[in-house]
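S.K.: based on what follows, work out the 3D shape:
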Amino acid sequence: MNLQAAENFIVNELRRGLSPTLYYHGLHHTLDVAEVALELAAAEGITDPEALALLRTAALYHDAGFLSSYQGHEDEGSALARATLPDFDYSDAQIAQICGLITATKYPQEPQNHLEEILCDADLDYLGRPDFVPISTSLFDELTARQLIADEYAWFQLQARFLAGHHFWTPTAIARRAAPKQARLDHILALLANWPAPGEAEAV
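M.R.: Here you go, the predicted model:
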């Protein structure tokens, strides 16, 4: 298993192949998830070198499906992993684990083991971080560019549903991120509750 070669390959593919309007799902997100995944793994007591290499590989590939598809990108990312990782001496069993990790990040998340829980938490770590607003705004811009969100009110409704339905899996992420995430949800619910009715702003 040549992790460095696989990393060089997929990072170069993402750098040159991702749409410039993937304001959220760009290379910066992939690299952030890969870094957070290893931080969480260390905090969760994962020390096995092979497990850590598989986790990092999956993090680097988890959104690679955006190279070819916006919808169903997890399946496309798994297909790309199966097609390319044998070139870097990954075994069939290792690739199967990586594809399981990628699939686990599909929402709603359904991780089946500890590594999958870690990657799921790394993927949505920003929900409980201080940089939530700029990161979530980048997702709004990305969805707007694809005409997948109608307006700001619809966006905050979507955010509220997403935050309410999401939960972290690992004890580390729960301890670090659950309370700030709940505060974000409370703030958004308050915004929605006080949203001006149509025509109200014009009448003032």
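S.K.: which neighbouring elements make contact with the helix or strand residue 37 falls within?
M.R.: Using DSSP states H and E, the secondary-structure element containing residue 37 is helix 27-43. If contacts are counted by 3 or more Cβ pairs under 8 Å, 6 or more residues apart in numbering; DSSP states H and E, helix 27-43 sits against helix 3-17, helix 49-61, helix 114-123, helix 171-193. C-betas here are computed from N, CA, C, even on glycine.
S.K.: surely residue 13 is in contact with residue 64?
M.R.: Yes. Using Cβ atoms under 8 Å as the test, residue 13 is close enough to residue 64 to be in contact (7.0 Å).
S.K.: the more surrounded of those two?
M.R.: Under the neighbour definition other Cβ atoms under 10 Å, residue 13 and residue 64 were set side by side, and residue 64 has more, 25 against 17.
S.K.: out of everything not next to it in sequence, what's closest to that one?
M.R.: Of all residues not flanking residue 64 in the chain, residue 77 sits nearest, at 4.4 Å (Cβ to Cβ, 6 or more residues apart in numbering).
S.K.: quick check: pLDDT value at that neighbour.
M.R.: In the prediction, the pLDDT value recorded for residue 77 is 97.
S.K.: quick one, what contacts it?
M.R.: Taking Cβ atoms under 8 Å, 6 or more residues apart in numbering as the criterion, residue 77 is in contact with 61-66, 102.
S.K.: OK, contacts around the residue nearest in space to the middle of the chain?
M.R.: Most central in the chain under Cα atoms, centre = their mean is residue 123, positioned 3.3 Å from the mean C-alpha point. Remark: with contacts taken as Cβ under 8 Å, 6+ apart, residue 123 is in contact with 33, 62, 105.
S.K.: same list (those) but as CSV, adding neighbour count and pLDDT.
M.R.: Rendered in CSV, the data for those read as follows (neighbours: other Cβ atoms under 10 Å; pLDDT from 0 to 100):
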residue, neighbour count, pLDDT
33, 24, 98
62, 30, 98
105, 24, 97
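S.K.: mind listing what residue 105 touches?
M.R.: For residue 105, the contacting residues are 62, 74, 119-120, 123, by Cβ under 8 Å, 6+ apart.
S.K.: cheers, nothing more for now.
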